[in-house]
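**Student:** I would like to see how this sequence folds:
(one chain, ligands or ions: 1)
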Amino acid sequence: MRGKFITFEGIDGAGKSSHVEWLADWLRARGKTVQVTREPGGTELGEKLRALLLAEPMHLETETLLMFAARREHLARLIEPALARGDWVVCDRFTDATYAYQGGGRGLDRAKFAVLEHWVHEHLQPDLTLLFDLPLDVARERIVLANRTLDKFEQERVDFHERVRLAYLERAHAHPSRIRVIDANQPLDKIRVKLEEVVSSACL
Ligand code: TYD
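**Tutor:** Numbering: from 1, shown residues only. Predicted structure coming up:
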């Protein structure tokens, strides 16, 4: 039986990454074999593209094409074979991030993504997408508290991140059965209870 494909999304500072490993362990405790991965990245080539994407200034269309190039490699080498084996794949960001960042944040025409999405994964969508949502100021505060070097996207201005957040919420509105919005502005244990509930009802 084909495995399930679960993606995590949200603005920078939403705290999603800390839930990825937790969910993978929670699924493993329920007998699933789980591959944890991320975008951009997830393969040797993809991680090289990630390093470029997160550091180098580039034309918006170059950025978008590279995101989808990394994604094509990721699907072919990791995601599709894993799902076919019956493994579950938990992925930190996927195509919704391109809609939110390159579309919402940077303003690239969405019709262009639709073409790339169709090309790269016409027959595959996540079974479930967990969108971690919280107010911008709370997310920014978390990033400041983490006190680490900021990547190219994290260095963008507040209005960029505001547009990213709105684009994510719009996308959730357009795909209500696949994308579930998680209120990330609450204590960790409450978020985990919610995650268990959502994943159990959508996938188990
Ligand atoms: P992120 O997932 O936040 O990793 P970390 O938790 O290590 O900071 O970083 C990836 C960045 O890439 C994030 O700022 C969003 C951006 N991104 C896009 O702009 N478009 C995409 O399609 C993807 C997958 C990511």
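**Student:** residue numbers of this structure in contact with the ligand?
**Tutor:** Listed as neighbours of the ligand in the chain under the rule Cβ under 6 Å from any ligand atom: 12, 17, 39-40, 54, 67, 92-93, 97-98, 101-102, 153. C-betas here are computed from N, CA, C, even on glycine.
**Student:** okay, and which of those map to strands?
**Tutor:** residue 92 (DSSP state E).
**Student:** farthest-separated two in the residues of the chain next to the ligand?
**Tutor:** Greatest spatial distance in these: 17 and 102, 20.3 Å, computed using Cβ to Cβ.
**Student:** where in this structure is pLDDT low?
**Tutor:** The model of the chain has no residue with pLDDT under 70.
**Student:** which residue ranges of it form strands?
**Tutor:** Using DSSP E, strands in the chain cover 5-10, 34-38, 88-92, 128-133, 179-183.
**Student:** residue nearest the middle of this structure, spatially speaking?
**Tutor:** Residue closest to the average C-alpha location in the chain (Cα atoms, centre = their mean): residue 93, at 1.5 Å.
**Student:** so what's that one closest to, chain neighbours aside?
**Tutor:** residue 39 (4.5 Å; Cβ to Cβ, 6 or more residues apart in numbering).
**Student:** what about that neighbour, neighbour count?
**Tutor:** By other Cβ atoms under 10 Å, the residues close to residue 39 number 22.
**Student:** now do the same contact list for it.
**Tutor:** By Cβ atoms under 8 Å, 6 or more residues apart in numbering, the contact set of residue 39 is 46, 67, 70-71, 74, 91-94, 97.
**Student:** which residues touch residue 42?
**Tutor:** Counting by Cβ under 8 Å, 6+ apart, residue 42 has contacts 70, 74, 78-79, 91.
**Student:** wait, which of those is closest to residue 180?
**Tutor:** Set against residue 180, the nearest of those by Cβ to Cβ is residue 91 (15.3 Å).
**Student:** the closest one touches residue 9, doesn't it?
**Tutor:** No: between residue 91 and residue 9 there is no contact under Cβ atoms under 8 Å: 9.7 Å.
**Student:** out of those two, which sits in the more crowded spot?
**Tutor:** Legend: neighbour count by other Cβ under 10 Å for residue 91 and residue 9, higher for residue 9 (27 against 23).
**Student:** helices along this protein, start to end?
**Tutor:** In the chain, the helices defined using DSSP state H lie at 16-28, 44-53, 60-74, 80-85, 95-98, 110-121, 136-146, 158-174, 188-203.
**Student:** switch those over to a markdown table; also include mean neighbour count.
**Tutor:** Shown next, in a markdown table, are the helices of the chain (neighbours: other Cβ atoms under 10 Å):
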| stretch | mean neighbour count |
| --- | --- |
| helix 16-28 | 17 |
| helix 44-53 | 16 |
| helix 60-74 | 19 |
| helix 80-85 | 15 |
| helix 95-98 | 24 |
| helix 110-121 | 14 |
| helix 136-146 | 14 |
| helix 158-174 | 17 |
| helix 188-203 | 14 |
